[in-house]
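Participant: Dropping a prediction and its sequence here:
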Amino acid sequence: MKHYTSINDIDNINSWIAEAKDLKVNPLKNKELGKNKTLGLLFFNSSLRTRLSTQKAALNLGMDPIVMNVSGDAWGIEFEDGTVMNGTTAEHIKEAAAVVSQYCDIIAVRAFPTLTDKEKDESEHVLKSFIKFASVPIVSMESATGHPLQGLTDAITISENAAKKKPKVVLSWAPHVKALPHAVANSFAQAMQKMDVEFVISNPEGYNLNPNITKDTPIYHNQEAAFKDADFVYTKNWSSYEAYGKVLNTANDWMITKEKLGKAKFMHCLPVRRNVVVEDAVLDSDSSLVIEQANNRTYAAQLVLKKILENV
Ligand code: CP
(Lines give C-alpha, C1' and ligand atoms only; values in the text may rest on other atoms or scores of the structure.)
Protein backbone atom coordinates (compact mmCIF):
# COMPACT_ATOMS: atom_id res chain seq x y z
CA MET A 1 0.00 0.00 0.00
CA LYS A 2 1.44 3.37 -1.04
CA HIS A 3 -1.16 5.85 0.25
CA TYR A 4 -4.07 5.51 2.72
CA THR A 5 -6.76 7.99 1.75
CA SER A 6 -9.96 5.93 1.66
CA ILE A 7 -11.65 2.89 3.21
CA ASN A 8 -11.35 1.47 -0.33
CA ASP A 9 -7.59 1.14 0.32
CA ILE A 10 -8.39 -1.72 2.74
CA ASP A 11 -8.05 -4.93 0.75
CA ASN A 12 -9.41 -7.30 3.43
CA ILE A 13 -11.12 -5.66 6.40
CA ASN A 14 -11.22 -8.85 8.48
CA SER A 15 -7.47 -9.40 8.25
CA TRP A 16 -6.83 -5.70 8.95
CA ILE A 17 -9.04 -5.87 12.07
CA ALA A 18 -7.22 -9.01 13.25
CA GLU A 19 -3.85 -7.31 12.70
CA ALA A 20 -4.96 -4.16 14.55
CA LYS A 21 -6.16 -6.24 17.51
CA ASP A 22 -2.74 -7.92 17.59
CA LEU A 23 -1.03 -4.50 17.61
CA LYS A 24 -3.28 -3.47 20.50
CA VAL A 25 -1.99 -6.43 22.52
CA ASN A 26 1.64 -5.89 21.44
CA PRO A 27 1.93 -2.18 20.53
CA LEU A 28 5.75 -2.07 20.62
CA LYS A 29 6.49 -5.23 18.65
CA ASN A 30 7.43 -3.27 15.49
CA LYS A 31 9.50 -0.65 17.29
CA GLU A 32 12.41 -1.10 14.84
CA LEU A 33 10.28 -0.73 11.69
CA GLY A 34 10.04 3.04 11.83
CA LYS A 35 13.51 3.76 13.24
CA ASN A 36 15.04 6.89 11.64
CA LYS A 37 11.80 7.53 9.71
CA THR A 38 9.86 10.76 10.11
CA LEU A 39 6.08 11.20 10.01
CA GLY A 40 4.90 14.71 9.16
CA LEU A 41 1.42 15.61 10.39
CA LEU A 42 -0.07 18.65 8.64
CA PHE A 43 -3.28 20.08 10.09
CA PHE A 44 -5.39 22.56 8.16
CA ASN A 45 -8.08 22.06 10.86
CA SER A 46 -8.44 21.40 14.59
CA SER A 47 -7.94 17.98 16.17
CA LEU A 48 -7.47 16.26 19.51
CA ARG A 49 -7.74 12.51 18.86
CA THR A 50 -6.23 12.36 15.38
CA ARG A 51 -3.33 14.58 16.29
CA LEU A 52 -2.38 12.64 19.42
CA SER A 53 -3.27 9.07 18.42
CA THR A 54 -1.40 9.30 15.10
CA GLN A 55 1.69 10.60 16.89
CA LYS A 56 1.33 7.83 19.47
CA ALA A 57 1.05 5.28 16.64
CA ALA A 58 4.22 6.66 15.03
CA LEU A 59 6.10 6.53 18.36
CA ASN A 60 4.98 2.91 18.90
CA LEU A 61 6.59 2.09 15.54
CA GLY A 62 9.81 3.92 16.44
CA MET A 63 9.08 6.83 14.06
CA ASP A 64 9.75 10.49 14.81
CA PRO A 65 6.55 12.53 14.37
CA ILE A 66 6.68 16.24 13.53
CA VAL A 67 3.49 18.31 13.56
CA MET A 68 2.44 21.58 11.95
CA ASN A 69 -0.78 23.58 12.15
CA VAL A 70 -0.68 24.60 8.52
CA SER A 71 -3.58 27.06 8.63
CA GLY A 72 -2.22 28.97 11.59
CA ASP A 73 1.55 28.72 11.26
CA ALA A 74 2.56 28.08 7.63
CA TRP A 75 2.44 30.40 4.64
CA GLY A 76 -0.96 30.41 2.94
CA ILE A 77 -0.85 27.60 0.36
CA GLU A 78 -2.11 28.06 -3.20
CA PHE A 79 -3.65 24.96 -4.81
CA GLU A 80 -4.80 26.35 -8.19
CA ASP A 81 -2.50 25.89 -11.15
CA GLY A 82 -1.43 28.96 -13.11
CA THR A 83 -2.77 31.45 -10.56
CA VAL A 84 -1.26 34.92 -10.36
CA MET A 85 -0.42 34.75 -6.67
CA ASN A 86 -1.01 38.38 -5.78
CA GLY A 87 -3.64 37.63 -3.10
CA THR A 88 -3.51 35.93 0.29
CA THR A 89 -1.58 32.77 -0.67
CA ALA A 90 2.21 32.97 -0.53
CA GLU A 91 3.42 29.46 -1.42
CA HIS A 92 2.26 26.97 -4.04
CA ILE A 93 1.47 23.36 -3.14
CA LYS A 94 4.01 22.32 -5.82
CA GLU A 95 6.86 23.70 -3.71
CA ALA A 96 5.27 23.05 -0.29
CA ALA A 97 4.62 19.32 -0.90
CA ALA A 98 8.04 18.81 -2.49
CA VAL A 99 9.80 20.55 0.40
CA VAL A 100 7.92 18.64 3.14
CA SER A 101 8.70 15.38 1.27
CA GLN A 102 12.40 16.05 1.89
CA TYR A 103 11.83 16.19 5.65
CA CYS A 104 9.32 13.34 5.99
CA ASP A 105 9.05 9.69 4.94
CA ILE A 106 5.25 9.77 5.22
CA ILE A 107 2.99 12.84 5.22
CA ALA A 108 -0.40 12.79 6.96
CA VAL A 109 -2.86 15.56 6.08
CA ARG A 110 -6.10 16.86 7.61
CA ALA A 111 -8.11 19.19 5.38
CA PHE A 112 -11.88 19.64 5.86
CA PRO A 113 -14.34 20.57 3.09
CA THR A 114 -15.57 24.07 2.31
CA LEU A 115 -19.20 22.84 2.59
CA THR A 116 -20.03 25.62 0.14
CA ASP A 117 -18.54 24.25 -3.09
CA LYS A 118 -19.62 20.62 -3.57
CA GLU A 119 -17.67 20.12 -6.78
CA LYS A 120 -14.45 21.42 -5.26
CA ASP A 121 -14.92 19.34 -2.09
CA GLU A 122 -15.65 16.17 -4.05
CA SER A 123 -12.55 16.72 -6.17
CA GLU A 124 -10.51 16.32 -2.95
CA HIS A 125 -8.18 18.97 -4.34
CA VAL A 126 -6.06 19.35 -1.17
CA LEU A 127 -5.48 15.62 -0.62
CA LYS A 128 -5.00 14.93 -4.33
CA SER A 129 -2.55 17.84 -4.64
CA PHE A 130 -0.42 16.34 -1.87
CA ILE A 131 -0.53 12.94 -3.60
CA LYS A 132 0.45 14.60 -6.90
CA PHE A 133 3.24 16.88 -5.70
CA ALA A 134 4.70 14.99 -2.72
CA SER A 135 7.22 12.23 -3.39
CA VAL A 136 6.33 10.19 -0.28
CA PRO A 137 3.19 8.28 0.84
CA ILE A 138 0.17 10.32 1.97
CA VAL A 139 -2.24 9.39 4.77
CA SER A 140 -5.61 11.11 5.14
CA MET A 141 -6.31 12.29 8.68
CA GLU A 142 -9.78 13.40 7.42
CA SER A 143 -10.35 14.97 4.06
CA ALA A 144 -13.32 16.69 2.45
CA THR A 145 -15.25 13.46 1.92
CA GLY A 146 -13.68 10.77 4.11
CA HIS A 147 -12.13 9.94 7.47
CA PRO A 148 -10.64 6.51 6.77
CA LEU A 149 -8.60 6.27 10.00
CA GLN A 150 -11.84 6.79 11.92
CA GLY A 151 -13.73 4.27 9.75
CA LEU A 152 -11.09 1.62 10.33
CA THR A 153 -11.17 2.39 14.07
CA ASP A 154 -14.93 1.95 14.15
CA ALA A 155 -14.74 -1.39 12.34
CA ILE A 156 -12.20 -2.59 14.94
CA THR A 157 -14.42 -1.39 17.82
CA ILE A 158 -17.52 -3.11 16.45
CA SER A 159 -15.60 -6.34 15.92
CA GLU A 160 -14.33 -6.21 19.53
CA ASN A 161 -17.78 -5.58 21.00
CA ALA A 162 -20.04 -7.71 18.80
CA ALA A 163 -21.95 -10.27 20.86
CA LYS A 164 -23.33 -12.05 17.78
CA LYS A 165 -21.92 -13.13 14.41
CA LYS A 166 -23.89 -10.61 12.35
CA PRO A 167 -24.83 -7.61 14.53
CA LYS A 168 -27.26 -4.91 13.45
CA VAL A 169 -25.48 -1.56 13.10
CA VAL A 170 -27.35 1.73 12.67
CA LEU A 171 -25.70 4.94 11.49
CA SER A 172 -27.97 7.64 12.86
CA TRP A 173 -27.95 11.34 12.10
CA ALA A 174 -28.40 13.55 15.18
CA PRO A 175 -28.87 17.32 15.50
CA HIS A 176 -26.07 19.87 15.73
CA VAL A 177 -25.95 23.65 15.72
CA LYS A 178 -23.23 23.92 13.07
CA ALA A 179 -22.85 22.63 9.51
CA LEU A 180 -20.62 19.56 9.74
CA PRO A 181 -18.87 17.51 7.04
CA HIS A 182 -20.01 14.12 5.71
CA ALA A 183 -16.56 12.54 6.03
CA VAL A 184 -17.04 10.44 9.18
CA ALA A 185 -20.45 9.16 8.09
CA ASN A 186 -19.14 8.35 4.58
CA SER A 187 -16.18 6.33 5.84
CA PHE A 188 -18.27 4.58 8.48
CA ALA A 189 -20.80 3.55 5.82
CA GLN A 190 -18.02 2.29 3.54
CA ALA A 191 -16.44 0.32 6.40
CA MET A 192 -19.76 -1.28 7.39
CA GLN A 193 -20.45 -2.24 3.78
CA LYS A 194 -17.23 -4.28 3.89
CA MET A 195 -18.16 -6.05 7.13
CA ASP A 196 -20.53 -8.92 7.85
CA VAL A 197 -23.13 -6.77 9.63
CA GLU A 198 -26.77 -5.78 9.03
CA PHE A 199 -26.22 -2.11 8.27
CA VAL A 200 -28.90 0.59 8.01
CA ILE A 201 -28.81 4.40 8.04
CA SER A 202 -31.39 6.67 9.67
CA ASN A 203 -31.63 10.37 8.94
CA PRO A 204 -34.36 12.98 8.48
CA GLU A 205 -35.68 13.84 5.02
CA GLY A 206 -33.19 16.08 3.24
CA TYR A 207 -30.16 14.54 4.92
CA ASN A 208 -29.47 11.51 2.72
CA LEU A 209 -25.74 11.07 2.20
CA ASN A 210 -24.14 10.88 -1.25
CA PRO A 211 -25.91 7.95 -3.00
CA ASN A 212 -22.53 6.88 -4.45
CA ILE A 213 -21.53 6.19 -0.83
CA THR A 214 -24.76 4.73 0.58
CA LYS A 215 -25.33 2.52 -2.49
CA ASP A 216 -27.96 -0.11 -1.55
CA THR A 217 -27.78 0.46 2.23
CA PRO A 218 -31.37 0.84 3.55
CA ILE A 219 -32.15 4.43 4.62
CA TYR A 220 -34.87 5.08 7.21
CA HIS A 221 -36.45 8.46 7.86
CA ASN A 222 -38.05 6.97 10.97
CA GLN A 223 -35.42 6.67 13.68
CA GLU A 224 -37.50 4.37 15.90
CA ALA A 225 -38.00 1.86 13.09
CA ALA A 226 -34.29 1.93 12.25
CA PHE A 227 -33.29 1.33 15.89
CA LYS A 228 -35.44 -1.83 16.26
CA ASP A 229 -33.19 -4.73 17.42
CA ALA A 230 -30.04 -2.61 16.93
CA ASP A 231 -26.81 -3.86 18.52
CA PHE A 232 -24.81 -0.69 17.75
CA VAL A 233 -26.03 2.87 17.18
CA TYR A 234 -23.31 5.00 15.61
CA THR A 235 -24.32 8.63 15.84
CA LYS A 236 -23.03 11.55 13.82
CA ASN A 237 -24.34 14.83 12.60
CA TRP A 238 -23.80 15.87 9.01
CA SER A 239 -25.08 18.83 7.04
CA SER A 240 -27.38 18.29 4.08
CA TYR A 241 -25.69 16.73 1.07
CA GLU A 242 -28.47 17.65 -1.35
CA ALA A 243 -28.86 21.26 -0.12
CA TYR A 244 -25.10 21.19 0.15
CA GLY A 245 -23.70 22.25 3.52
CA LYS A 246 -27.02 23.56 4.83
CA VAL A 247 -28.41 22.95 8.34
CA LEU A 248 -32.08 22.18 7.67
CA ASN A 249 -33.21 21.58 11.25
CA THR A 250 -31.80 21.56 14.78
CA ALA A 251 -34.87 20.23 16.64
CA ASN A 252 -33.89 17.78 19.36
CA ASP A 253 -36.28 14.98 18.33
CA TRP A 254 -33.38 13.09 16.67
CA MET A 255 -31.09 13.43 19.72
CA ILE A 256 -29.99 10.03 21.07
CA THR A 257 -31.55 9.16 24.42
CA LYS A 258 -31.19 6.17 26.73
CA GLU A 259 -34.76 5.23 25.98
CA LYS A 260 -34.18 5.21 22.20
CA LEU A 261 -30.90 3.31 22.53
CA GLY A 262 -32.43 0.41 24.44
CA LYS A 263 -29.88 -2.40 24.74
CA ALA A 264 -27.69 -1.14 21.88
CA LYS A 265 -24.13 0.11 22.31
CA PHE A 266 -23.55 3.79 21.57
CA MET A 267 -20.73 4.95 19.31
CA HIS A 268 -19.52 8.40 18.25
CA CYS A 269 -16.18 9.54 16.80
CA LEU A 270 -15.95 12.53 19.23
CA PRO A 271 -15.90 15.41 19.89
CA VAL A 272 -19.59 15.30 20.79
CA ARG A 273 -21.92 18.03 22.06
CA ARG A 274 -23.65 16.66 25.14
CA ASN A 275 -27.44 17.04 25.29
CA VAL A 276 -27.51 18.24 21.68
CA VAL A 277 -26.33 15.11 19.83
CA VAL A 278 -26.75 12.66 22.73
CA GLU A 279 -27.97 12.97 26.29
CA ASP A 280 -25.64 12.64 29.29
CA ALA A 281 -27.36 9.45 30.43
CA VAL A 282 -26.05 7.64 27.33
CA LEU A 283 -22.47 8.96 27.40
CA ASP A 284 -22.21 8.32 31.14
CA SER A 285 -23.50 4.75 30.88
CA ASP A 286 -21.85 1.40 30.23
CA SER A 287 -23.55 1.42 26.81
CA SER A 288 -21.13 4.05 25.53
CA LEU A 289 -18.08 2.87 23.58
CA VAL A 290 -16.73 6.34 22.77
CA ILE A 291 -13.64 6.18 24.98
CA GLU A 292 -12.65 2.76 23.65
CA GLN A 293 -13.21 4.04 20.10
CA ALA A 294 -10.79 6.88 20.78
CA ASN A 295 -8.29 4.37 22.19
CA ASN A 296 -8.54 2.30 19.01
CA ARG A 297 -7.56 5.34 16.92
CA THR A 298 -3.95 4.58 17.89
CA TYR A 299 -4.03 1.00 16.61
CA ALA A 300 -5.84 1.87 13.39
CA ALA A 301 -3.21 4.53 12.65
CA GLN A 302 -0.40 2.20 13.71
CA LEU A 303 -1.63 -0.50 11.35
CA VAL A 304 -1.83 1.94 8.43
CA LEU A 305 1.66 3.35 9.09
CA LYS A 306 3.05 -0.18 9.50
CA LYS A 307 1.63 -1.29 6.16
CA ILE A 308 3.09 1.78 4.43
CA LEU A 309 6.51 1.37 6.11
CA GLU A 310 6.62 -2.28 5.03
CA ASN A 311 6.11 -1.08 1.46
CA VAL A 312 8.64 1.77 1.22
N1 CP B 1 -12.62 11.78 15.78
C2 CP B 1 -11.67 12.68 15.46
O3 CP B 1 -11.17 12.70 14.32
O4 CP B 1 -11.31 13.50 16.47
P5 CP B 1 -10.42 14.83 16.32
O6 CP B 1 -11.19 15.74 15.37
O7 CP B 1 -10.28 15.39 17.68
O8 CP B 1 -9.12 14.44 15.70
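Facilitator: Here it is on my side, so go on.
Participant: Now the one helix or strand E119 maps to: buried residues?
Facilitator: Following DSSP states H and E, one finds E119 within helix 118-122. Under the neighbour-count criterion of 16 or more other Cβ atoms under 10 Å, helix 118-122 has 118, 121 buried. Where C-beta positions appear, they are placed from N, C-alpha and C, glycine not excepted.
Participant: contacts for that helix?
Facilitator: For helix 118-122, contacts defined as Cβ atoms under 8 Å, 6 or more residues apart in numbering pick out 113-115, 144-145, 244-245.
Participant: Please name every helix or strand in contact with the following helix or strand past it.
Facilitator: As assigned by DSSP H and E, the chain's next helix or strand after helix 118-122 is helix 125-133. Under the contact definition 3 or more Cβ pairs under 8 Å, 6 or more residues apart in numbering; DSSP states H and E, helix 125-133 sits against helix 93-103, strand 106-110, strand 138-140.
Participant: CSV for these, including mean neighbour count and distance to T5?
Facilitator: Output for the helices and strands packed on helix 125-133, formatted as CSV (neighbours: other Cβ atoms under 10 Å; distance: least, Cβ to Cβ, whole Å):
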stretch, mean neighbour count, distance to T5
helix 93-103, 16, 14
strand 106-110, 26, 9
strand 138-140, 26, 4
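Participant: do you know which of these lies nearest the ligand?
Facilitator: Nearest of the helices and strands packed on helix 125-133 to the ligand, taken as Cβ to the nearest ligand atom: strand 106-110 at 7.6 Å.
Participant: From K37, how far out is the residue lying closest to K307 once chain neighbours are set aside?
Facilitator: Once flanking residues are discounted, K307 sits nearest to M1: 4.9 Å by Cβ to Cβ, 6 or more residues apart in numbering. From M1 over to K37 the distance is 16 Å, taken as Cβ to Cβ, to the nearest Å.
Participant: Neighbour count: these two, which is higher?
Facilitator: Neighbour totals were compared for M1 and K37, and K37 leads with 18 against 14 (other Cβ atoms under 10 Å).
Participant: these two touch, right, the more buried one and I107?
Facilitator: No: judged on Cβ atoms under 8 Å, K37 makes no contact with I107 at a distance of 12.0 Å.
Participant: Show the residue spans covered by the strands in the stretch 1-150 of the chain.
Facilitator: Ranges of strands within the stretch 1-150 of the chain are 38-43, 64-69, 77-78, 91-92, 106-110, 138-140, based on DSSP state E, counting those that start in this stretch.
Participant: For the ligand, tell me whether the last one is touching it.
Facilitator: In this case it means strand 138-140. No: Strand 138-140 stays clear of the ligand (Cβ under 6 Å from any ligand atom), getting no nearer than 11.1 Å.
Participant: That strand packs against which elements?
Facilitator: If you count contacts as 3+ Cβ pairs under 8 Å, 6+ apart, strand 138-140 packs onto strand 106-110, helix 125-133, helix 148-161, helix 290-309.
Participant: Please apply the same query to the third one.
Facilitator: The criterion is 3+ Cβ pairs under 8 Å, 6+ apart, and the helices and strands that strand 77-78 contacts are strand 91-92, helix 93-103.
Participant: quick one: strands adjacent to it?
Facilitator: Strands that pair with strand 77-78, judged by DSSP bridges, come out as strand 91-92 (parallel).
Participant: Other residues contacting the partner strand?
Facilitator: Contacts for strand 91-92 (Cβ under 8 Å, 6+ apart): 74-78, 85.
Participant: likewise stretch 175-184?
Facilitator: So stretch 175-184 is contacted by 112-113, 115, 142-147, 150-151, 209-210, 213, 236-239, 241, 245-247, 249-252, 254-255, 269, 273, 276-277 (Cβ under 8 Å, 6+ apart).
Participant: okay, now the closest residue to the ligand within the stretch 201-312 of the chain: neighbour count?
Facilitator: Closest contact between the stretch 201-312 of the chain and the ligand, by Cβ to the nearest ligand atom, is at C269 (3.8 Å). Counted with other Cβ under 10 Å, residues neighbouring C269 total 25.
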